[in-house]
Structure formats: structure tokens, C-alpha cells
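**Q** model the structure of this input:
(2 chains)
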Amino acid sequence: MKMALFARTLSNAVSRYVLPKYDAILSSQLQAIQTRSLPIVWSSTTWHQEFYNSKTDLVDESEERTKYLESKEDFKYVERLIPSLEVPEPPKHDSYPTPSGWSPPKGSPEGLPYHVRRTRYHSHPVSIQQKHGGNQIWTIVKNVDGDIWTFGDKLLEHLEEVKGAEVGMTINEYAKRVFYKGVFKDDVIKWLENEGF
Amino acid sequence: MFSRVLQRVCRQSYVNNQNVQYVLPVCRGCIASRFSSSEVADGSKDSATSPAFNHGSESLVLEREVACPPHLQKPQAWLESLETRESKKLAIVDLHPDVFGTFPRLDILHRNIEWQKVYKIIDVRKEKTRAECSGGGRKPWRQKGTGRARHGSIRSPIWLKGGKAHPPRGGRTYWYVLPAPIRAWGLRIAMSIKHAQDNLCIVDSLDIPSSDPQYLEDIAKERYWGESVLFVDDKPLEEMSENFMDAINKIKTYNIISTEGLNCYSLLKHETIVMTLDAVNFLELRLMFFTKQYGSPDLRQDLPILRSQLKMDPHRGRSYSSKE
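**A** Predicted coordinates:
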């Protein structure tokens, strides 16, 4: 009884979605289902072949396909969203230093035998290196072009004044770096800004 | 010999302040023949083909923007032409000091060349382990009582003709990728060295009148280029002039390379580098990009995507590849 009811509701539902020519096949199958009393196994192959439509039946291959034009006009809206790959130039402020303490290089006087270039992020190339668990601390100044020895000596003079005692210095001429033993990052940055770098 | 020349170069232009006059050491030929007897072309005659330079003033400096810090002195080179056998100097070209005049970091150059030599190696040596040696499945003699050392197999590593404990197992690769900024730095260093040693020649284009290889050899002899010459152009190989390619193919030591394939090994292997102005323009932008790009990888990942998927190159006017 339940089976017959199920089959009837199914056939009603199905007949709305199936083309008329398949209706006859389906209705005959459903009649067979209704009369059977044994449990039915729905085999996917029999169901697939007669129930589902294939696109090739509906589409007429001899018809011309609709043409289309490819335009790259709107790509400019994508282009402007692509983020910059290079570090941008900092914007021009009314007064320096900016609230964060940054100021652009003033420009060093001509004839100075050395020059210290800014990093790609427009900051001073001064960093702290710690070794042996913090027992050995060095302040490093990089990107020193020109005569690194006079630069090293001049800055050393200033740092020894600041500290009031001797300061250890190492110069790596090949890598264009100067190392000072101790924590002098702020003093070095101030000194570099005064020099115009 | 190489290092001594470099020391001389270093002393002259890098250790002393960089406002020193850029001195080119003499390598071969004589400087007098290069700069006095060779003709200097009057650009106004063939202004349609030659690049623009200052028509108003007497100077022959090419109008070329070089975005570099003002404290650095720009190295200069002659702009020559390959259209005539005689050396014809069209103009003077200002070069970027960080591309053609960096400090010669030989350790970076060494890293580049080692990488080029090593990363392609696939070691196919294979040796047997104790499991692969024939025999050795049976215990040679009983554990106790023979007076001899105890052994489990005649093919263990301590035995003669036994297997190796940790043998090479076939395809071992030495592949690794040197970071792009280090590779770009290496190129800058190699080109700086070539320019400092008077081995760099900048040319307006690689068009030659005939496809006779003898023509190129005569040019090289005239201009003291030496045995091997590497020609560098910005175009892909398919677009290069046919005359030139026919001539190059017949000479073993003259090679042509696109900027895409430019590498430190080739730059050092060939005695002279002949570069077009287009290549110089592109290389200055592309190699300096790596000094200015963001440090963190997530911000750097867009360039390869741009190049592979969108076929965009921010350092060229046209799209990256001619195939679209």
C-alpha cells in the first residue's frame, strides 16, 4: 500500500519535469513498480538512460554559436588595486620632525669624505647586535660609502665624549660597516642627522 | 691578477672619496687609440635613427634619467654603433652607480657562481647496502665457541665486500635557489667589474649590415674586444635580428643572450660584454628593484604572480613576453 502511494506521488512529481516522449516509458515502468510486491532496487543505469536528458539532444550543433569580444579595458580597475612592490617615498610633511620622530636627510655638506645612506625604509642604518646572551652588545652602522676610516674615527670621538670613557670600535671596510661596543643607537642617529644623512 | 686589478680599482674609486675622477685601468690596446683617433659621430646628421642627446650644447651626453642618490658619481660609458667597421662613438651615457659602479663584493659573486655550478648537479652514484649485496643472509658461524668474533652476516659494512652503511642512493640533488636579491646583486657586481676593467661596450642596437661573421670579427679586432664576446639585448631570442643571429651562430666564442638569461657565470666567462641601450635601461630598473622592494615575503609574492599570470612587467614598457 505504502509502495503504491509512493510510486503515485513520484510519478506525479516526475511527469512535470520530463518530456512527453519519456512519459510513456516512465509510466510503463511505474506501472510495473506498482504491481510488484518485492522490494525494488533502483539501478542507476536504467534510471540514467531514460530519465535524464543529455544536452546534445537539446542543442543544435549546426547553429552558429554566439560570438564574443574580449576587452581588456576594465583591467585598469584591477591594476590600481595591485599593491606596490617597492617601498614608496614618504609623503611631504609640513614640519619635521614628524610626530614619530622621523625627518628626511638634510643633505650633507659637499666635500665630506664619507656618506651614510638611508635604508630602503628611509630610516638610519643603525642597529644593535647582541651576542653571548646579551653579554656582548655592539651598535652597528651600515651603508657607509667613501672613507670609512675617517667616519669611524669621527663618530668614535663623539661616542667617547657621550660615554665619558673609551669605546671599542671595529671597522669592516669590505662590508661597509662600523661596530661600536655598547648601546649607542640613539646617539648615533642624532649624530647622523646632524651630519645631514 | 684579477684581485690585484680590483684592488687598484678599489683604491682609486671606492676607498678615497667617491668624487674622484673615474679612472679606467688600461687592459689592452692603448687609451689614445680609443678616445682620440676614433671618430665621434655628429648626431644631428642622423637624428632619426640615433638616440636623442643635447642638440643645443656642445656636450655629447645622452639625455638619460638616472634615479640615484645625488652624492654618488655616475659612471659613464661611450654609446657605440655596430653599423660601421670603424668605431663610431655616438654619445656618452650616464650609468647608474649602483648597477655599474658598486663595490666589488667578490664573496657575493662567488656565491652566485657556486650556485650556478652546483644547483644543476644530480649525482646518480648508487652503492649497495648490506641488504642488496648478494648472500649474507645466513649467520657465518655460531655465536659462541669458535674463538672468532661474533657476526651475523658476511655482507655487513665491517666486512670486506660487504655493503656500505650509508651509501649514495641514486638521484641526489644539490638543488637550491639563491635568493633573488643576492642574484641581482651578483649581476650588479659582475657588470661593475666589467665596466671598471673596460670590458663593457654599450651599443645602440645589434643590427649589422651583413650576416658575414667576418664582419663581427673585424669589429672585435678594431675595438680590442678580445677572444670572447657576449652580446646582451632586451628582446627575446625570436625577435633578434636575423643577420646578427646568422653571424653569431658561426663564431664559437661570440654568444648572444637575452636579459632574461643574463647570469654571472656568462658575464665572467666572456671577455667583453656588448650591451644594447635597451638592455641597460631594463637592467637598471630590474636590478635596483631588489634593493627597494619590501623585505617580508608576503609583500614580495606579487611580482612572480604579476609576471606569470597577468603577463605584466613593471620594469618594461611593453608586456613581459611577446606571446600573449
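
**Q** each with direction, which strands does the strand or helix carrying residue B:255 pair with?
**A** Per DSSP states H and E: residue B:255 is located in strand B:254-258. Applying DSSP bridges, strand B:254-258 is found paired with strand B:229-233 (parallel).

**Q** how about residues contacting the strand it pairs with?
**A** B:206, B:216, B:220, B:240, B:244, B:248, B:253-259, B:262, B:266-267, B:269-276, B:278-279 (Cβ atoms under 8 Å, 6 or more residues apart in numbering or on different chains). C-beta: built from backbone N, CA, C; applies to glycine.

**Q** surely residue B:157 is in contact with residue B:163?
**A** Yes: using Cβ atoms under 8 Å, residue B:157 makes contact with residue B:163 at a distance of 6.2 Å.

**Q** anything in contact with each of these two?
**A** Once Cβ under 8 Å, 6+ apart is applied, the residues that residue B:157 and residue B:163 both contact turn out to be residue B:130.

**Q** what about these two, which has more around it?
**A** Neighbour count, other Cβ atoms under 10 Å in any protein chain shown: between residue B:157 and residue B:163, residue B:163 has more, with 18 against 12.

**Q** so what's residue 167 up against?
**A** In the absence of a named chain, chain A is used. By Cβ under 8 Å, 6+ apart, the contact list for residue A:167 reads A:156, A:159, A:160, A:180, A:181, A:182, A:184.

**Q** meant chain B, my bad for not saying
**A** B:126, B:127, B:128, B:129.

**Q** can you add distance to chain A and neighbour count and give those residues back as a markdown table?
**A** As requested, those are exported to a markdown table (distance: Cβ to the nearest Cβ, whole Å; neighbours: other Cβ atoms under 10 Å in any protein chain shown):
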| residue | distance to chain A | neighbour count |
| --- | --- | --- |
| B:126 | 43 | 12 |
| B:127 | 43 | 13 |
| B:128 | 47 | 14 |
| B:129 | 44 | 15 |
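
**Q** now residue 152: phi and psi?
**A** By default, I'm working from chain A. Taking degrees, to the nearest 10, you get phi -60, psi -40 for the backbone angles of residue A:152.

**Q** please refer instead to chain B.
**A** Taking degrees, to the nearest 10 as the convention, residue B:152 sits at phi -110, psi -20.

**Q** remind me which residues of the chain are low pLDDT?
**A** Picked chain A for this. Residues of chain A meeting the criterion pLDDT under 70: A:1-51, A:55-57.

**Q** meant chain B, my bad for not saying
**A** Residues of chain B that meet the cut-off, pLDDT under 70, sit at B:1-59, B:317-324.

**Q** give me the buried entries from the contacts of residue A:167.
**A** Neighbour-count burial within these applies to A:156, A:159, A:180, A:181, A:182, A:184; the criterion is 16 or more other Cβ atoms under 10 Å in any protein chain shown.

**Q** got a list of what the residue most central in space within chain A touches?
**A** For chain A, residue A:83 is the residue whose C-alpha lies nearest the centre (Cα atoms, centre = their mean; 8.8 Å). Applying Cβ under 8 Å, 6+ apart to residue A:83 gives the contacts B:299, B:302.

**Q** at 10 Å what do you get?
**A** B:294, B:299, B:302 (Cβ atoms under 10 Å, 6 or more residues apart in numbering or on different chains).

**Q** give me the buried subset of those residues.
**A** B:294, B:302.
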